[in-house]
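In: quick check, what structure comes out for this input:
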Amino acid sequence: MWPFKSFVPSCPNSIPRKHPHSVVRILMILFFGWGLGHWTGCALAPSQSREQKATSLNRIILEKKPPSKESEIYYHLILGEMYSQGNQNWLAAGELEKALAVEPHDPSLMLESAQLYYKMMEIEKALDLIQKAIKQDPKSKEAFQLLGEIQI
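Out: Predicted structure coming up:
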């Protein structure tokens, strides 16, 4: 199996030797095939288009509307997280707004939305949401921490 018997001490002499030229041929085909693919434009798409394709595929997978209220909230949270990871913050904010429309008094959704708006430098929206979150859950350390960051 090895191209050179000297590297395998336990190899019996009866095993036929492979041609080292076949390895060179395979490497040349791989190298020139890769170069030809890049030259003709058939190479892999940039990472941004891969992210867009993954987002669209995930959207297709998640298109079936879930039956329960909690599932619908998670549906919008997952889409929002995908958009946020792809630096599509406006789309992520839209998904979080949809989740808030399903459950308008959920302080964790308000906090999540406020963090995203703060990241987007939409200070007034972030401040409004974080104040609502604190009214719903006055013991939330994360909400008070974000409020402090926003006010600085």
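
In: quick one: residue 86 from residue 80, how far?
Out: Residue 86 is 11 Å from residue 80, where distance means C-beta to C-beta, to the nearest Å. For every residue, glycine as well, the C-beta is placed using N, CA and C.

In: compare those two (neighbour count), which wins?
Out: Higher neighbour count among residue 86 and residue 80: residue 80, with 25 against 15, using other C-beta atoms under 10 Å.

In: OK, contacts around the closest residue to the more buried one other than its chain neighbours?
Out: Nearest in space to residue 80, with sequence neighbours left out and distances taken as C-beta to C-beta, 6 or more residues apart in numbering, is residue 95 at 3.6 Å. Neighbour list for residue 95: 76-77, 79-80, 83 [criterion: C-beta atoms under 8 Å, 6 or more residues apart in numbering].

In: surely residue 142 touches residue 114?
Out: No. Using C-beta atoms under 8 Å, residue 142 makes no contact with residue 114, being 9.9 Å away.

In: C-terminal to the host helix or strand of the residue nearest to residue 80, what's the next element?
Out: For residue 95, the host element (DSSP states H and E) is helix 89-102. Once helix 89-102 ends, the next helix or strand along the chain (criterion: DSSP H and E) is helix 107-119.

In: average model confidence for that next one?
Out: Averaging pLDDT along helix 107-119 yields 94.

In: in that helix, which residues are buried?
Out: The neighbour-count check on helix 107-119 (16 or more other C-beta atoms under 10 Å) flags 107-118 as buried.

In: can I get the helix holding residue 95 in CSV? Just the C-alpha atoms.
Out: Coordinates of each C-alpha in helix 89-102 appear next as CSV, following Å, rounded to 0.1, in the frame of the first residue of the first chain:
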residue,chain,number,x,y,z
ASN,A,89,-29.3,44.0,12.1
TRP,A,90,-32.3,45.7,10.6
LEU,A,91,-33.8,42.4,9.6
ALA,A,92,-32.9,41.0,13.0
ALA,A,93,-34.7,44.0,14.7
GLY,A,94,-37.8,43.3,12.5
GLU,A,95,-37.9,39.7,13.7
LEU,A,96,-37.6,40.7,17.3
GLU,A,97,-40.4,43.2,16.8
LYS,A,98,-42.5,40.3,15.5
ALA,A,99,-41.7,38.3,18.6
LEU,A,100,-42.6,41.2,20.8
ALA,A,101,-45.9,41.5,18.9
VAL,A,102,-46.7,38.0,19.9
